[in-house]
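Enquirer: Would you be able to build a 3D model of this:
(chains A and B)
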Amino acid sequence: MDLLFKIFIDPFLQMGGAPDLLVQTLWEGLVSGVLYALIALGFVLIFKASGVFNFAQGIMVVFAGLTLVGLHEKGVPAWLAVLLTLGVMLALAVAVERVVLRPLVNQPDIILFMATFGLTYVLIGIGEFIFGGEPKQMITEELGLPRGAIDVAMLGGRVTFQKIDIAAAVIASIMIAALAVFFQYTRIGRALRAVADSHKAALSVGISLNQIWAIVWFAAGIVALITGIMWGARSDVSFALQTIALKALPVLILGGFTSIPGAIVGGLIIGIGEKLAEFYWGPLVGGGIENWIAYVIALGFLMVRPQGLFGDKIIERI
Amino acid sequence: MFYREAGQYKKTYSADMAVFPILQDRIGIGLILATAAIIIPIFGSNFFISTVMIPFLVFSLAAMGLNIVTGYTGLISLGTGAFMGVGAFACYKLTTYFPNVNIIIWILASGVFSAAIGALFGLPSLRIKGFYLAVATLAAQFFLEWCFVRVPWLFNYNASGAIEVPQRTLFGVAITGANATPTTRYLVLLGIVVLMTWVASNILHGRIGRTFMAVRDMDIAAELMGIRLLPAKLTAFAMSSFYCGVAGACMMFLWYGGGEASDAFNINQSFNILFMVIIGGLGSLIGCFFGAALLNIVPIILKFGLPAMGLPLAGATAEHINHLFVGSLIIFFLIVEPHGLARLWQITKQKLRTWPFPY
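Expert: As a prediction, the model looks like this:
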């Protein structure tokens, strides 16, 4: 009985007893959820357009961040470093399309998946080789990102909001809106949607698949750069981020591989869910459950909806 | 010219269905086994045996485990490292509680525990497919990894939190622990690997293996043909985890001689073994050995071979180059031969059979 009380009742009593702590936890969860959603967004973009499950998205985030910081360390002004990094991501996108994707057209999904694994290793190798393996400080001030925190008195306590977190949430929202507009109203966006619907039909109306893939990898690269800046500003830029990027996988299966709103909603659910679980239920089992609780949440959802919350319905034919 | 089955008539059904129907194959496998069991222990240096051969055999076994579920049944699993860990811990607990029972029995028995856990985490595979399943198996990986660190009962409340391998003997010769020589450990491991490969080959050529392959090719069609999917998929997961568990136990007891589980059985290990399976060839037993050999030997060459050839490489740089090289190698092999080294081997054999008149 005591155990049941501790599991089912006590955490809620704690939540009710200290609403300011609850708000703080929710906020923390929301922010990490936004960042998970950003990583997941990169996955979704590529999966929609090319059907490739891009495992390298996590390392692309690290790579973009490292390039930015590394260039700035060499004395390049911040704004130029951002532009140059974008150039590097564009070059990467074109190279990936040319060297990896094009020779592997029409291979089974798992082969493409493994190829992005290989890409991950290559990027780790290049990144470490050029910029070294040690963590770096993100250049927050030079990029004009706010620092410090706002304390708000509410619900009988104080809740702290880091300014950088607020900025991250705002920038993420702007970017998602921009992507939505890009997809909806531009010519390339329309082509991207066509490719996502059907490769063959898109080819038959004269859309160049190779070009689209390069564009979509570049878009994922931009998302990766922004994610890299935000994550880097919260902690620092290091290869450890790559493991954090694995957290985007439960977000993906929760939201569905093909759905941008799914990535966002999934990210928020996972972010908030894992912070709440860690804070209120974690102490019961000794803490550290943040590492796997996200997968369990996602697994629970999957048992009910195997295609994720917003994924396309899976139709199987013989 | 020499590799040809001309004149070898099969007179019975079982001869036709044999795993090695060609005489030269049988001679070849005999030669390989003789080399592995006699020549390498006698002439191989301790360094060669403990850095090349022992890891190679352990990884081959683990790759075989993953290949059963991924290559033969078509269910992607990213939890291999964790299932290996389950085997290692099960073996550790068993040999602590029953120190008088032979360690080899416990190494093999630890697979049973791993199989049970594997079947449990294989349950979602009935509803979830493809990459969704891959991510679902990550749940197993991270949850079990967490258990290895947070449940002190598993490592007998050691202060170090690591598995401490006790000394165990076979016929009075130490085979685990600090006093065991690399050669004895290698021979024990070789025995286990040969036995398990033989068993796997027989199972996979029989009814169970065909069930797996039917499920891989199309599970709905297999279901319509009367294959019960749940038992088939769970068997695949259990059998795969059994092999991984034994591989993990071997890894801890015969190779590492103890160590921290969180390093040995983490997510990178799972990926590493997945690479071996893919590069070696999905759905092929011999591919497991090829993949393990390639991915095991390349880092060793980079680490020890290049400095020996006069290219001095600092430890960190070697690590970076290793990453770069392994990554490029994976992409290269996928582009050249997506079906893996096993397919290349088949093509070579076919060419040899018809050589020198290929038409």
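
Enquirer: make it CA atoms for all contacts and neighbour counts henceforth
Expert: Fine.

Enquirer: my read: B:Ile175 touches B:Thr183, true?
Expert: No - between B:Ile175 and B:Thr183 there is no contact under C-alpha atoms under 8 Å: 9.3 Å.

Enquirer: neighbour-wise, which of the two wins?
Expert: A side-by-side neighbour count of B:Ile175 and B:Thr183, using other C-alpha atoms under 10 Å in any protein chain shown, places B:Ile175 first with 26 against 19.

Enquirer: now the more buried one, what's its secondary structure?
Expert: strand (DSSP: H, G, I helix; E, B strand; the rest coil).

Enquirer: Report the contact partners of it.
Expert: Shown in contact with B:Ile175 (C-alpha atoms under 8 Å, 6 or more residues apart in numbering or on different chains): B:167-169, B:181, B:184-185, B:188, B:254.

Enquirer: pLDDT score assigned to it?
Expert: We have a pLDDT of 72 for B:Ile175.

Enquirer: how close does it get to B:Gly122?
Expert: 34 Å (C-alpha to C-alpha, to the nearest Å).

Enquirer: cool, and B:Thr184?
Expert: 36 Å.

Enquirer: Tell me the residues of the stretch 201-350 of chain B that contact chain A?
Expert: B:220-221, B:275, B:278, B:317, B:320-331, B:334-335, B:338 (C-alpha under 8 Å from any C-alpha of the partner chain).

Enquirer: Centre of the chain to the helix or strand harbouring B:Phe242, how far?
Expert: Following DSSP states H and E, one finds B:Phe242 within helix B:229-250. Mean-position distance between helix B:229-250 and its chain equals 12 Å (C-alpha atoms, centre = their mean, to the nearest Å).

Enquirer: Show me what that helix is packed against.
Expert: Other elements packing on helix B:229-250 under the criterion 3 or more C-alpha pairs under 8 Å, 6 or more residues apart in numbering or on different chains; DSSP states H and E are helix B:54-66, helix B:80-97, helix B:103-122, helix B:207-217, helix B:219-224.

Enquirer: how about that helix as CSV, C-alpha atoms only?
Expert: Extracted C-alpha coordinates of helix B:229-250, given in CSV (Å, rounded to 0.1, in the frame of the first residue of the first chain):
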residue,chain,number,x,y,z
LEU,B,229,3.4,-14.5,-36.1
LEU,B,230,3.6,-14.0,-32.4
PRO,B,231,5.4,-17.2,-31.6
ALA,B,232,7.6,-16.8,-34.7
LYS,B,233,8.7,-13.3,-33.8
LEU,B,234,9.2,-14.1,-30.1
THR,B,235,11.2,-17.2,-31.0
ALA,B,236,13.4,-15.0,-33.2
PHE,B,237,13.9,-12.5,-30.4
ALA,B,238,14.6,-15.2,-27.8
MET,B,239,17.0,-17.1,-30.0
SER,B,240,18.8,-13.9,-31.0
SER,B,241,19.1,-12.7,-27.4
PHE,B,242,20.3,-16.2,-26.4
TYR,B,243,23.2,-15.8,-28.8
CYS,B,244,23.8,-12.2,-27.7
GLY,B,245,23.7,-13.2,-24.1
VAL,B,246,26.3,-15.9,-24.5
ALA,B,247,28.4,-13.5,-26.5
GLY,B,248,28.1,-11.0,-23.7
ALA,B,249,29.1,-13.6,-21.1
CYS,B,250,32.0,-14.7,-23.2
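
Enquirer: Give the rounded mean pLDDT of it.
Expert: So the average pLDDT for helix B:229-250 ends up being 92.

Enquirer: what does stretch B:61-71 give?
Expert: On average, stretch B:61-71 scores 91.

Enquirer: With chain A in mind, check whether that stretch reaches it.
Expert: No - using C-alpha under 8 Å from any C-alpha, stretch B:61-71 stays clear of chain A, coming no nearer than 10.2 Å.
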